[in-house]
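Asker: Here you go, sequence then predicted model.
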Amino acid sequence: MDAIKQLRKEVKDYIDTAEVKVVKMVHAMLEVERESNWWQDEEILSVVEERSKEYKTGQVKSISWEMAKKQILASKKKSRK
């Protein structure tokens with residue numbers, strides 16, 4: 001089975017058992033995708049290319065997902081006080 005067929009199968013299997021909130025979120029993402037032609041918008045593609053270049057050349061600072069998660073959770077704790 002090729003990679004795309006396998007991915008589609010996995011997504012379908014996952015959706016069959018996912019929580020309602022996940023199904024609604026995926027549905028909303030698919031609706032936006034269907035209604036949008038962002039991948040054909042030259043301005044958006046230009047920005048994506050520029051930011052990708054900045055990331056690859058080290059011109060912008062990035063952090064790991066774990067660090068981002070840690071910062072978000074710390075921020076949430078502060079805002080609850």
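Answerer: Alright, I've got the coordinates.
Asker: Now for this structure, the helix or strand with the poorest mean pLDDT.
Answerer: helix 65-80 (a mean of 88; mean pLDDT, DSSP states H and E).
Asker: Give me the distance from that one to the chain's centre.
Answerer: Computed by Cα atoms, centre = their mean, to the nearest Å, the chain-centroid distance of helix 65-80 equals 19 Å.
Asker: any idea how far the most centrally placed residue in the chain lies from S79?
Answerer: A centroid search over the chain (Cα atoms, centre = their mean) returns M29, at 10.0 Å, as the residue closest to the centre. As judged by Cβ to Cβ, to the nearest Å, M29 and S79 stand 27 Å apart. C-beta here means a position set from N, CA and C on the backbone, and glycine is covered the same way.
Asker: what does N37 give?
Answerer: N37 is 37 Å from S79, by Cβ to Cβ.
Asker: what's the burial count for I15?
Answerer: 12 (other Cβ atoms under 10 Å).
Asker: ok, now which ones touch Y55?
Answerer: Shown in contact with Y55 (Cβ atoms under 8 Å, 6 or more residues apart in numbering): S62.
Asker: what about it, distance to W39?
Answerer: Counting by Cβ to Cβ, the gap from Y55 to W39 is 19 Å.
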